[in-house]
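*Asks:* Please work out how this folds:
(chains A and B)
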Amino acid sequence: MIRAWFAKLLILALALTGLQAQGPRPDAKAFGALPVLHNGRVKPLDTVGRSTLLMIRGKQTVRHEGQTLTANTWMLDLMFNPELADKYQVFMINDADVVAMLGKRPDEQRFFSLKDLEPKLSEIMEQSEKAHQVENAVRDRFQRAISSLGEKITAYQRLKNSLQVEDTTDLRMELSAFGTALSEGSKAFQAQQAGQKFDQGAMDRVMPFIQRYQFIAGAASFAFLPPAKGGSDHDWVNVGNSLLESAKTGAPHPSVLPLAEASHAWKQGDKAAFDKATAALQGILKERLPAQTFSKASLEVTFNALEPFYKSTLLYLVAFLMYCFSWIMYEKPLQKAAWWVMLGTLALHTFGMVTRMYLEGRPPVTNLYSSAVFIGWFAVLLAVPFERYSKRGFAALGGCVVGAATLVIAQSLTGSGDTMGVMVAVLDSNFWLATHVTTITIGYSATFLAGLLAHIYILRGLLSSSFTKEEAGVLVKSAYGVICFALFFSFVGTVLGGIWADQSWGRFWGWDPKENGALLIVLWNALILHARWAGMIRDRGLMIMAIVGGIITSLSWFGVNMLGIGLHSYGFMDQAFYALVGFAALELLMIGLACLPPHIWRSKIIPLSKN
Amino acid sequence: MANTTWKTYLKPLASLQLTIVLLALLMGLVVACTLAQVNLGIFRAVEVYMRSFLVWWGPASATWEIPVFPGGALVGGALLINLTAAMFVRLEASWRKGGLWLSHIGLIVLFLGEFVAGGFQVETMMPVEVGQTMNYAESNRHAELVFIEDGATEDTVYSIAPSRVVEGGLIQDAALPASVNIVEYHRNSKVMTAPVLAAKSRANAGFGQQVVAQAADPAPSEEQNIPSAYVELKSSKGVNLGTWLLSTALEPQPIDIDGKPYRVALRQWRNYMPFSLTLKEFRHDKYAGTEIAKNFASLVRLTDPETKEDRDVLIYMNHPLRYRGRTFFQASFGKGDTLSIFQVVENPGWQIPYWACVIVSLGLAWYFIARMLPARRSA
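*Replies:* Numbers count the residues shown, from 1 in each chain, chains lettered A, B, ... in the order given. Presented below is the predicted three-dimensional model:
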């Protein structure tokens, strides 16, 4: 039943994306749907191609001679027709100094092919190696850029040499030659062992093959050949290792021959032969893997093609614009439409997140990427009841902005490849990921939403004479409620983190930077509420402090990762640093605007005498 | 009447303005402590900003320092007083405020829990090789001074506790084979052969005749310190045994005391347990086809002669063994996956944060829900 449903979804996805491809090209999509083992997880080849391309080019498609190639087509060209693929301009280089190294100006060219890089390749790799010796946190801009380019080239070359050695002309011929050499070689070897006359040349002819397969055994970025029925993930094997193994046993893995067919057919552009080989590979996988592995892989392909988060970003922006216009004209109908757009987008966003959770078998937040997806999702979810209660579009607009912004952030965090990576040992605890990480992230969501409400208050208060005291009151009440909510969740999340730490290394509180970041959010929210209770701040003060809360949360979310210390720092992000500084500057500007004297405010929501 | 009097005194202590100032100061400290970790390391940064009453500052080259900011202990203590005072003065006893009462009580419990942990928590390490049985854990933060009397089957160890191993310490105890006068003690030191440091050792017996210890700055984390001491030893019969250099960097040194052979050493403090653990198996699982660790697990045999406890226990990530007041965590491993290292923590108050968390959460939830309900009705 479910399989049938998946199949239908798959067909739908194929139909949607199939529109782009023209002519009877071999079916790259079907090949991409084959499950492989990559970075510790069984996933469709499609994901390997997309994440590698995303890492080196920043996009999931390639432009070549006026045509747009999908990630699957690019990957197949790279593996089976590398001479052609090496001409695709897939290396995105943004650093002016690195571009200059290649003899270009940054405004001339941003994308380079391996052919373009070739004359300077050894110099690039040498410089990259040198930059790698420098500790991550102290690398300068050039060192970061060149080491990143080095990593991209390595990933590219490894993918290229995953299924066959890149200089292979015809894998079928090569394998048959290998078979012949092997049988002659082993005859000679047996003769030698028995002390009889033997053919040294026959033994020597095996060596070049062995060297080739040793090379791809080490280079391969994924394991292509599935284990026997009932085997575990550890029994997947890459093509190189399998061929070396078959040199001993004499029996090649059953997938190797169809693979060779596919390789040849792809290079020749022979659709019938390629599709037949793909079907054969698929048949072997279906026979050997549990049905669930296969259905998960199909679902992942659909998920990849659907790009739910990308589409959600656009739809949130549409809803946002509709709310903005609703305050100028057609208030009621526009708001109603926007409300439904937002709910529909929330459903799509939820679908994407739940699919990820199912594929990973994990709670929603496992890394920075998924924290961004979740923060946006929860902010929108939180905005729904507040919007139902206040019905002015404020909470919904705030939710849409946080939703879209965090999804854009998530998008920019995909640079390192697959976003569904495996968890290192200490984090491998679904219980704590579900409790501590989720609660603390909910705290982030709420703090951001409160900040967003403050923006609406300030901008509308400053610019719109139609903004009434009553509307302002609704906003303030909502923001206050959201801050209470944020305090609760950030406190509980922080303490749960302490308890996790106590469980895993016996220390409740260690003043680790990420812990400190969480503590700062708790303290700040507590401070806002106490200041309010003490009468030290009123409406405007509350709103200004809510904006500061947003800055603190963003610093806690990303800033501490940039310090490169402590148990929570999972990677240095250079571009994120400038984005963070920019965000903080914008927010400070907003605070500056909020501090303008009341007579400048076009609305009359602030009493002229005091605060 | 008397009631009003103490309330008048408590009032300033309970002020909300004070709470806000303290919260802001604490935030400042947390930020400073976090940033300082880049240069100082976590341990030192926490010492300077959090476990201090005042934060001191002086120009890098100068020898003087002035206090520039209240430290974490001062701000935390003041917050605790403020919080407690507030409960008596400001908070009226009502259902509506019940949530606030609870959450403040929970916070006080949380603070006290940290105080208990700070004062009583003992952290030690226990490296065990596969097949080995251990009945003690070692502290790499404390050093003890020991005389070891080698026996046929078991050694007898005379130990001087870390708290007594301080400069100027004079330890005379009839139970010890010799009296000890610690003439020089360094928390961290460089220990090298005399010519390398171009200095003369104070010692006139043992390894110290060839080796010198020089004071060094404390390491970023206490574990990296190498404590050393120059000690004058006198046998119980009053024979002067000379001045010895003892250090955790040196092996135990043979010494003859009143005709009996001993070995003397400064070593990592050993915390003996009334039970033992035997490492039967250590597992280091990786994700398929990668070098990424998926799990570390130690299968140990727990043997306790007193309680007759004798069973297998699996200690793995996020699943420590708690037994007789000690908690054993899988901390590290080595020697090609044949050595497992446990962190052993004794903290009598380990449950306090759990209770505090429950109390505060209930309190906050109570308060916020109580606030929201009437608001919704009036809308």
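*Asks:* residues from the stretch 201-350 of chain B in reach of chain A?
*Replies:* Applying Cβ under 8 Å from any Cβ of the partner chain, one finds that the stretch 201-350 of chain B approaches chain A through B:286-290, B:292-296, B:317-320, B:327, B:329, B:331, B:343, B:345, B:347, B:350. Where you see a C-beta, it was placed from the backbone N, CA and C, and this is true even at glycine.
*Asks:* Give me the below-cutoff pLDDT ranges for the stretch 251-379 of chain B.
*Replies:* B:373-379 (pLDDT under 70).
*Asks:* where along it do the helices fall?
*Replies:* B:352-378 (DSSP state H, counting those that start in this stretch).
*Asks:* Nearest to chain A: which residue in it?
*Replies:* B:Tyr287 (3.0 Å; Cβ to the nearest Cβ).
*Asks:* ok, now which ones touch whichever residue of the stretch 1-150 of chain B sits closest to chain A?
*Replies:* For the stretch 1-150 of chain B, the residue closest to chain A is B:Leu16, as judged by Cβ to the nearest Cβ, at 3.7 Å. By Cβ atoms under 8 Å, 6 or more residues apart in numbering or on different chains, B:Leu16 lies in contact with A:His530, A:Trp533, A:Ala534, A:Met536, B:Ala86, B:Arg90.
*Asks:* what's the closest non-adjacent residue to the fourth one?
*Replies:* Spatial nearest neighbour of A:Met536, chain neighbours left out: B:Ile20 (6.7 Å); criterion: Cβ to Cβ, 6 or more residues apart in numbering or on different chains.
*Asks:* Was I right to think that neighbour contacts A:Ile528?
*Replies:* No - using Cβ atoms under 8 Å, B:Ile20 is not in contact with A:Ile528, being 9.6 Å away.
*Asks:* Of those two, which one has the most company?
*Replies:* Using other Cβ atoms under 10 Å in any protein chain shown, the more surrounded residue of B:Ile20 and A:Ile528 is A:Ile528, with 28 against 19.
*Asks:* what number of residues lie near B:Pro59?
*Replies:* 8.
*Asks:* Mind telling me what element residue 47 is part of?
*Replies:* Since no chain was named, I'll use chain A. In this assignment (DSSP states H and E), A:Thr47 forms part of helix A:45-57.
*Asks:* I was after chain B.
*Replies:* Assigned by DSSP H and E, B:Glu47 falls in helix B:42-49.
*Asks:* and the helix or strand that that helix is followed by with chain A, contact?
*Replies:* Using DSSP H and E, the next helix or strand after helix B:42-49 towards the C-terminus is strand B:54-57. No - residues of strand B:54-57 are not located near chain A by Cβ under 8 Å from any Cβ, the shortest gap being 14.5 Å.
*Asks:* what's the angle from the helix or strand just after strand B:54-57 to helix B:42-49?
*Replies:* Next along the chain after strand B:54-57, taking DSSP H and E as the criterion, comes strand B:66-70. Angle of strand B:66-70 versus helix B:42-49, following axes from the mean of the first three to the mean of the last three Cα atoms, to 10 degrees, is 100 degrees.
*Asks:* Which of the residues in the next helix or strand after strand B:66-70 are classified as buried?
*Replies:* Remark: after strand B:66-70, the chain's next helix or strand is helix B:72-89, criterion DSSP H and E. By 16 or more other Cβ atoms under 10 Å in any protein chain shown, the buried positions in helix B:72-89 come out as B:72-80, B:82-86, B:89.
*Asks:* tell me what helix B:72-89 is packed against?
*Replies:* helix B:2-13, helix B:16-40, helix B:98-120 (3 or more Cβ pairs under 8 Å, 6 or more residues apart in numbering or on different chains; DSSP states H and E).
*Asks:* tell me how far it is from the chain's mean position?
*Replies:* Here the centre of mass of C-alpha atoms in helix B:72-89, compared against the chain's by Cα atoms, centre = their mean, to the nearest Å, lies 25 Å away.
*Asks:* now what about that helix, what contacts it?
*Replies:* For helix B:72-89, the external contacting residues (Cβ under 8 Å, 6+ apart) are B:7, B:10-11, B:13-16, B:18-19, B:22-23, B:25-26, B:29, B:33, B:49-54, B:70, B:101, B:104-105, B:107-108, B:111.
*Asks:* Low-confidence bits of the stretch 51-200 of chain A, can you list those?
*Replies:* A:136-138.
*Asks:* What residues does it have near chain B?
*Replies:* Contact residues, the stretch 51-200 of chain A versus chain B (Cβ under 8 Å from any Cβ): none.
*Asks:* At which residues are the helices of the stretch 51-200 of chain A located?
*Replies:* With DSSP H, counting those that start in this stretch as the criterion, the stretch 51-200 of chain A has helices spanning A:71-80, A:82-85, A:96-101, A:114-117, A:121-133, A:141-160, A:171-193, A:200-204.
*Asks:* okay, the angle between the fifth one and helix A:141-160?
*Replies:* Helix A:121-133 and helix A:141-160 are oriented at 120 degrees to each other (the same axes, to 10 degrees).
*Asks:* What residues of helix A:121-133 count as buried?
*Replies:* In helix A:121-133, counting by 16+ other Cβ under 10 Å, buried: A:Ile124, A:Met125, A:Gln127, A:Ser128, A:Ala131.
*Asks:* picking up where we left off before, buried subset of the residues of the stretch 201-350 of chain B next to chain A as a ChimeraX selection?
*Replies:* In ChimeraX syntax, the buried subset of these is picked out as below (16+ other Cβ under 10 Å):
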select /B:287,288,289,293,294,295,296,317,318,320,327,329,331,343,345,347,350
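*Asks:* how about the helix or strand A:Asn516 falls within as PDB, C-alpha atoms only?
*Replies:* Taking DSSP H and E as the definition, A:Asn516 sits inside helix A:513-533. Provided in PDB are the C-alpha atoms of helix A:513-533 (Å, rounded to 0.1, in the frame of the first residue of the first chain):
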ATOM      1  CA  PRO A 513      30.300  28.700  25.200                       C
ATOM      2  CA  LYS A 514      27.100  27.200  23.900                       C
ATOM      3  CA  GLU A 515      25.800  26.700  27.400                       C
ATOM      4  CA  ASN A 516      26.700  30.300  28.200                       C
ATOM      5  CA  GLY A 517      24.800  31.400  25.100                       C
ATOM      6  CA  ALA A 518      21.700  29.600  26.200                       C
ATOM      7  CA  LEU A 519      22.200  31.100  29.700                       C
ATOM      8  CA  LEU A 520      22.400  34.600  28.200                       C
ATOM      9  CA  ILE A 521      19.000  34.100  26.500                       C
ATOM     10  CA  VAL A 522      17.500  33.000  29.800                       C
ATOM     11  CA  LEU A 523      19.000  35.900  31.700                       C
ATOM     12  CA  TRP A 524      17.900  38.400  29.200                       C
ATOM     13  CA  ASN A 525      14.300  37.200  29.000                       C
ATOM     14  CA  ALA A 526      14.200  37.200  32.800                       C
ATOM     15  CA  LEU A 527      15.600  40.700  32.800                       C
ATOM     16  CA  ILE A 528      13.000  41.900  30.400                       C
ATOM     17  CA  LEU A 529      10.200  40.500  32.600                       C
ATOM     18  CA  HIS A 530      11.600  41.900  35.800                       C
ATOM     19  CA  ALA A 531      12.200  45.300  34.300                       C
ATOM     20  CA  ARG A 532       8.600  45.300  33.200                       C
ATOM     21  CA  TRP A 533       7.400  44.300  36.600                       C
END
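*Asks:* Just the closest of the contacts of B:Leu16 to A:Ala337, please.
*Replies:* For the contacts of B:Leu16, the minimum distance to A:Ala337 (Cβ to Cβ) is 40.1 Å, reached by A:Trp533.
*Asks:* I'd like the distance between the closest one and A:Val90.
*Replies:* From A:Trp533 across to A:Val90, the span is 58 Å (Cβ to Cβ, to the nearest Å).
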